[in-house]
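Engineer: fold the following for me, if possible:
(2 chains)
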Amino acid sequence: MLASRGFNIDSLAVGETEDPQLSRMTFVVRGDDAELEQVRKQLDKLVTVVKVQDISTEDFVERDLMLLKVRATPAQRSEIALLVEMFRARVVDISPDNLMVEISGRESKIEAFIELMRPYGILELARTGRIALVRGTPPEERPA
Amino acid sequence: MAEPQTGADILVQCLVNHGVEVVFAYPGGASMPIHQALTRVRDRVRTILPRHEQGGGFAAEGYARATGKVGVCIATSGPGATNFVTCLADAKMDSVPLVAITGQVGTHVIGTDAFQETPIVEVCRAITKHHYLVTRIDDLTRVMKEAFYIARTGRPGPVLVDVPKDVQNARTVPNYDPPMNLPGYRPDRRASQADLEKVLDAIRKSEKPIIYAGGGIIAAGASPELRSFAEQTGIPVALTVHGLGSFPSEHFLCLQMLGMHGTVYANYAINEADLILALGVRFDDRVTGKLSEFAKHGKIVHVDIDPSEINKNKVAHIPVVSDVRYALRELLRLLEDRAYADLKRGGRYAEWIRQIEQWREEEPLRYPDRDDVILPQYAIERLWQILRDRGQLEETILTTGVGQHQMWAAQFWRFTTPRSWLTSGGLGAMGFGLPAAIGAKAAFPNRTVIDIDGDGSFLMNIQELACAYCEKLPVKVLLLNNQHLGMVVQWEDRFYQSNRAHTYLGAGPDEAAYPDFVTLAQGFRCGARSVSQKEDLDEA
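Structural biologist: Prediction:
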């Protein structure tokens, strides 16, 4: 729907929720207020969509999870491991000539880490896309 | 313990339970069980055999548009299903309640490029209101219940139900009244009192108000309310192509159609208005032209049942998400209150109405009066006059193809009742006229149904003459044959220096009109006559 109406999606993540009947899709869409209003309404119009929440103006926690495989000679491992530690990332696999790193956090942090790894030679990377939840009591459970 | 039934029999029983009287169905390998089941309910459901699935889809639309009930069409998988694509897109654009049922290859071979397999739900995702692929027989009754409910409620639209052949053949003991599972579907929208008071306050401040009414009035069955509201407040009414019939053309407050093909005075009026009451409309580009220039002096009140229409094309100063009949009824109720008595005072807009009348006199709809040939506008107007003089207008239903003839019909026919004008507006699908007329005739066998068509559009579904003949659905066709794709020609004249780019449909300047539609019609055993002289037209 979003593509056929010409909206641009930066990121999309889907997964189950606390209710097994429902899944949550988290989109990151760029646009002006009028465009975002249309995105919201067009999504809401889909029969299978139960609820649309625009959290861009709310206080929310967001995470993006990435697995990244970077070229690393044995001599470079400790240097990379230091960067991994500074970013609170983890090395999850080691091969003779590369490392696999797991990192999660805000998009800006992930982007910064990618830039630092680039000089070593990124072999592959995979990202989940951004997911987010609003802090505090869910909006539908707040007293009116 | 009840007997188990096959999926096909359950599906057909669902049709009966939902009050379906007519289906338009073309069989094929993957829908044979459904057709076998249809023969077992032939005393309750009439199955009409079109000669092309697109004809069946348009006929179901014609039925739905004429009655307001859900139209039903059935096709087989693959090419049968893809032939529905245009009909579903058309029904989506024009908000027509439709349930389209397609056969599908067996669940065990879905995804293997089996013979006549098309992932029709994927194809139709964006052109249906909703869609189902039924993979379990136990879901069938719930899906059918939801399909009919979704098609007719809220903003109506088409629902596709794709049923694999093994599901049609499987057996179960059905529950015909299962609970629906639609937690995200909220079709019932009603204006708040506060919104409606804002509307009346805006009317109070206005000196040059206009009502811009569309298909939503007809879908909501709000024509009587629209008329009372216009009459009580004295506000003039301009109509969209789908609004025609929602307000009587001959009414002194009616400005006819607005927009690209509308009357000059309706367009002047909406441009000069200081308040636009947009009721059940979507600010389509054929109405607005350049959006920033449209109605730029006016404040906009937009009432629509579909929240996504509000602010989509044009920002509404007073947005009202509501069923338009509910909104109008509530407005009428508020007008009874003494606090709003001033809004009903006669002559409130005397100057404004005078101005509009002046435009109407200066720039009426017109066409040249010629004696040597029959102008299409003349033919349409004469047909209308003849039916009026015979007192048959009220019971006449008009359908059209798409193009110049369609716009001339919109301009020169004077509509008096809702659901008497069936045309493909949003999608603009040529070939709509004849099958839609057949669908309307199936709904109302005693009414006169006329397809005003062009030679290009008529040829696109001419095979349905066979359906009309064999099913004894005698519709009439006024074919305006100019041997060209007239609307495109009109644009070629305007934007492409009259260079004819494949818009000529004849066989050449030395040949007679081509094809010979009279002979073609005779081949289908339909009566036909060709006229080219004015004095012969009335008799024909």
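Engineer: enumerate the residues of the stretch 101-250 of chain B near chain A.
Structural biologist: Residues of the stretch 101-250 of chain B lying close to chain A (Cβ under 8 Å from any Cβ of the partner chain) are B:125, B:126, B:129, B:130, B:150, B:182, B:183, B:184, B:185. For every residue, glycine as well, the C-beta is placed using N, CA and C.
Engineer: the fourth one contacts residue B:143, doesn't it?
Structural biologist: Which is residue B:130. No. Counting by Cβ atoms under 8 Å, residue B:130 stays clear of residue B:143, with 10.0 Å between them.
Engineer: now secondary structure, pLDDT and distance to residue B:230 too, for the residues of the stretch 101-250 of chain B next to chain A, in CSV please.
Structural biologist: Below are those laid out as CSV (DSSP: H, G, I helix; E, B strand; the rest coil; pLDDT from 0 to 100; distance: Cβ to Cβ, whole Å):
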residue, secondary structure, pLDDT, distance to residue B:230
B:125, helix, 95, 40
B:126, helix, 94, 36
B:129, coil, 98, 30
B:130, strand, 98, 35
B:150, helix, 98, 32
B:182, coil, 96, 36
B:183, coil, 93, 39
B:184, coil, 91, 36
B:185, coil, 95, 33
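Engineer: out of these, which end up buried?
Structural biologist: Buried members of those, scored by 16 or more other Cβ atoms under 10 Å in any protein chain shown, are B:129, B:130, B:150, B:182, B:185.
Engineer: which among those gets closest to chain A?
Structural biologist: Comparing those against chain A with Cβ to the nearest Cβ places residue B:130 closest, at 4.3 Å.
Engineer: quick one, domains of the chain?
Structural biologist: Here I'm looking at chain A. For chain A, automatic domain parsing gives the domain ranges A:9-54, A:61-133.
Engineer: um, chain B though
Structural biologist: By the assignment in automatic domain parsing, chain B contains the domains B:5-172, B:193-362, B:376-537.
Engineer: quick one on the thing from earlier: quick check: the two most widely separated of the residues of the stretch 101-250 of chain B next to chain A?
Structural biologist: B:126 and B:183 (22.3 Å; Cβ to Cβ).
Engineer: ok, back up a step: closest one to residue B:459 among the domains of chain A?
Structural biologist: Closest of these to residue B:459 is domain A:9-54, at 36.6 Å (criterion: Cβ to Cβ).
Engineer: tell me the contacts of the closest residue to residue B:153 other than its chain neighbours?
Structural biologist: Spatially, and ignoring its direct neighbours in sequence, residue B:153 is nearest to residue B:187 (3.9 Å; Cβ to Cβ, 6 or more residues apart in numbering or on different chains). By Cβ atoms under 8 Å, 6 or more residues apart in numbering or on different chains, the contact set of residue B:187 is B:150, B:153, B:154, B:155, B:305.
Engineer: apply 10 Å and report the result again.
Structural biologist: By Cβ atoms under 10 Å, 6 or more residues apart in numbering or on different chains, the contact set of residue B:187 is A:47, B:149, B:150, B:152, B:153, B:154, B:155, B:156, B:305, B:306, B:323.
Engineer: same question for residue B:254.
Structural biologist: Applying Cβ under 10 Å, 6+ apart, we find residue B:254 in contact with B:211, B:227, B:230, B:236-239, B:244, B:247-248, B:263, B:266, B:414-415.
Engineer: partners of it in the sheet?
Structural biologist: Beta bridges link residue B:254 to residue B:237, judged by DSSP bridges.
Engineer: follow-up on the earlier one: now do the shared contacts for residue B:130 and residue B:143.
Structural biologist: B:159, B:161.
Engineer: neighbours of the closest residue to residue B:2 other than its chain neighbours, how many?
Structural biologist: Of all residues not flanking residue B:2 in the chain, residue B:173 sits nearest, at 5.0 Å (Cβ to Cβ, 6+ apart). Residues within reach of residue B:173, counting by other Cβ atoms under 10 Å in any protein chain shown, total 11.
Engineer: all strands of chain A, in order?
Structural biologist: A:9-16, A:23-29, A:60-71, A:90-95, A:98-105, A:122-134 (DSSP state E).
Engineer: can you tell which of those strands is closest to residue B:252?
Structural biologist: For these, the distance to residue B:252 is smallest for strand A:23-29, at 48.9 Å, taking Cβ to Cβ.
Engineer: tell me what angle that closest one forms with strand A:9-16.
Structural biologist: 170 degrees (axes from the mean of the first three to the mean of the last three Cα atoms, to 10 degrees).
Engineer: list the helices and strands strand A:23-29 packs on?
Structural biologist: For strand A:23-29, the packing partners by 3 or more Cβ pairs under 10 Å, 6 or more residues apart in numbering or on different chains; DSSP states H and E come out as strand A:9-16, helix A:33-45, strand A:60-71, strand A:122-134.
Engineer: and the third one, which residues are buried?
Structural biologist: When neighbours are counted by 16+ other Cβ under 10 Å, the buried residues of strand A:60-71 are found to be A:63, A:64, A:65, A:66, A:68, A:69, A:70, A:71.
Engineer: kindly report the same for stretch B:393-404.
Structural biologist: Buried, per 16+ other Cβ under 10 Å, within stretch B:393-404: B:393, B:396, B:397, B:398, B:399, B:400, B:401, B:402, B:403, B:404.
Engineer: contacting residues around the residue of the stretch 101-250 of chain B found nearest chain A?
Structural biologist: The nearest approach of the stretch 101-250 of chain B to chain A comes at residue B:184, 3.8 Å away (Cβ to the nearest Cβ). By Cβ under 10 Å, 6+ apart, the residues touching residue B:184 are A:22, A:43, A:44, A:45, A:46, A:47, A:48, A:49, A:50, A:51, A:52.
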